[in-house]
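[1] fold the stuff below for me.
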Amino acid sequence: MKKIFLIGLMSLFLVGCNKTVTNEMLIGNWECNFIDYKSTWDKNKLGELKKIGEGTRVLLSFKYEDNTLYAKNPNTGEWEKGNLVKEYNSKTSQQEDDLAIYKTTSSIKKISNDKFIMTYEFETITKLEKHNIYNRKLKNEATCTRIK
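    Purely as a prediction, here's the structure:
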């Protein structure tokens, strides 16, 4: 009997520890603090990311209708279809042209049911050494907390 109780308690604990952001979790109002970072070329490598400015606070609202997530555009007030979970899927994509290699990475991480962090990184590495001054990495990180 004790084993069954412990297994049930452990299962409940593990289910409650889900660190995945879902569209349903996003429903409601959030205050997000967006902070930008920048790294520039330092001789033969990218330097350390450094914070740019003080950050920007933005109020975001999400609703879920007909199996679709909608976000309220803070500029227009219009509801727009979207999928943050899919857009910030923790994948890296890379593109290349004659001049440079471009790499983007986006992720969304659940801190708790009332807090998550979205990160977007963009990196440019030029192919010609004489253009190395254009090599850079930009990062935008938003820490969002539910408004109750």
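[2] may I have the secondary structure class of the nearest residue in space to L46 that is not next to it in sequence?
    Of all residues not flanking L46 in the chain, S39 sits nearest, at 4.8 Å (C-beta to C-beta, 6 or more residues apart in numbering). Where C-beta positions appear, they are placed from N, C-alpha and C, glycine not excepted. Under DSSP: H, G, I helix; E, B strand; the rest coil, S39 falls in the strand class.
[3] so who does the most centrally placed residue in the chain touch?
    In the chain, the residue lying closest to the centroid (C-alpha atoms, centre = their mean) is M118, at 2.0 Å. Counting by C-beta atoms under 8 Å, 6 or more residues apart in numbering, M118 touches 32, 84, 88, 106-108, 141-142, 144.
[4] apply 7 Å and report the result again.
    With contact taken as C-beta atoms under 7 Å, 6 or more residues apart in numbering, M118 is in contact with 88, 108, 142.
[5] what helix or strand is it located in?
    For M118, the host element (DSSP states H and E) is strand 115-126.
[6] what lines up beside that strand in the sheet?
    strand 100-112 (antiparallel), strand 136-146 (antiparallel) (DSSP bridges).
[7] show me what counts as buried in that strand.
    For strand 115-126, burial by neighbour count (16 or more other C-beta atoms under 10 Å) applies to 116-121, 123-126.
[8] and L99, how close does it get to K127?
    6 Å (C-beta to C-beta, to the nearest Å).
[9] please read the previous query as pertaining to K81.
    On the measure of C-beta to C-beta, K81 and K127 end up 38 Å apart.
[10] with neighbour numbers in mind, choose between the two.
    In this view K81 and K127 are compared by other C-beta atoms under 10 Å, and K127 has more residues nearby, 12 against 9.
[11] list the contacts for the more buried one?
    Neighbours of K127 in contact, by C-beta under 7 Å, 6+ apart: 99-100.
[12] how about a cut-off of 8 Å?
    98-101.
[13] and these, which are buried?
    A100.
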